[in-house]
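K.L.:
for reference, the sequence and a predicted model appear below.
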Amino acid sequence: MTVEAATYISDLNTSLPASGDGLNEADDQFRMIKTVLKTNTFPNITGAVTSSHTELNMLDGLTGTVLTTTNYATSPPSGGWVLMNSTPVTAVAAIDFKTGTGGVTISNDYDEYLFVLDQVWNATAGSDLRMEFSTDGGSTFAAGTATTQILSIAGGIQADTQAVSQTYVPLCSTTTRNPSSVVAATNAVVRISRPVGSTDKVFGVVDYVFNAGDEAGTNYFVADNGTSRFDAVRFNWSGVDTFAANGTIKMFARKV
């Protein structure tokens, strides 16, 4: 039989060996295949690879350094934003970002978190987009169980100030939106701080625009979570509304 001359997987000829080839050199062919796979193509794989093809394909075309929460679990980089998670929005009631799930780490390792909402809208008109915090890994969500101070600014003018006990932080009002429309989509950036010196409070700012710019503004908030620091974040809608299957929500983190 013909023993191939191959170094990497791409060198292997799928037409060989031919059906009429003898077996006198079969051992050489088997050793060549093992060398191609184990020695040349995957020399650093010494254990089980559990990533799915979808996860591996996320690296397609990437030529720079990969920054992950695993790289910086004990010593995150200072100043630079690290992409922790990118979640495609589906028709669900809530989208959660929990420590230990999907690459998310909310801990003392990071000081600030950034959520970018791109082309997100709700399934039914007349609901408000909200954010909630959890202190038990996402088992329950509550923000402002003591007091939530919210300052809203629209067009550079202070529009509203609230100091209320509630279980959520309103991100923006959507009562005038046209549901299921790209024109009415919400685009927002939510930046929240989890300072080491404050064990229970969350400081945040929300910049948003929706209805093709008909409404835009900035909300500042302080959420008091009681006695524990938050370790999970949830986005949902008021009432029983759900997300429409469109857009993405990305989560970034950084060490200041």
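P.N.:
Okay, I see it. The structure displayed is predicted, hence computed values, not measured ones. Residues are numbered from 1 along each chain as shown.

K.L.:
pull the number of nearby residues for Ala5.
P.N.:
For Ala5, the neighbour count with other Cβ atoms under 10 Å is 8. Every C-beta, even on glycine, is put in place using the N, C-alpha and C of the backbone.

K.L.:
same question but for Asp21, I mixed them up
P.N.:
14.

K.L.:
give me the contacts around the helix or strand Val116 falls within.
P.N.:
According to DSSP states H and E, Val116 maps onto strand 112-120. The contact list for strand 112-120 (Cβ atoms under 8 Å, 6 or more residues apart in numbering) reads 81, 89, 97, 106, 129, 182, 185-194, 208, 233, 235, 243-244, 246-254, 256.

K.L.:
if we go to 6 Å?
P.N.:
Strand 112-120 is contacted by residues 89, 185-186, 188-193, 246-254 when judged by Cβ atoms under 6 Å, 6 or more residues apart in numbering.

K.L.:
what residues sit buried inside the helix ranked longest in the chain?
P.N.:
Across the chain, the longest stretch assigned as helix under DSSP state H is helix 26-34. For helix 26-34, a neighbour-count test (16 or more other Cβ atoms under 10 Å) marks 29, 32 as buried.

K.L.:
ends of stretch 241-256, what's the gap?
P.N.:
The first and last residues of stretch 241-256 sit 36 Å apart, counting by Cα to Cα, to the nearest Å.

K.L.:
please name the bridge partners of Arg234.
P.N.:
Asp96, Glu132 (DSSP bridges).

K.L.:
what count of nearby residues applies to it?
P.N.:
Neighbour number of Arg234 under other Cβ under 10 Å is 20.

K.L.:
tell me who's in contact with it.
P.N.:
94, 96, 132, 141.

K.L.:
what's the domain layout of the chain?
P.N.:
Domain assignment of the chain by automatic domain parsing yields the ranges 1-49, 70-254.

K.L.:
pull out the buried members of the contacts of strand 112-120.
P.N.:
By 16+ other Cβ under 10 Å, the contacts of strand 112-120 give 89, 185-186, 188, 190, 192, 246-247, 249, 251-254 as buried.
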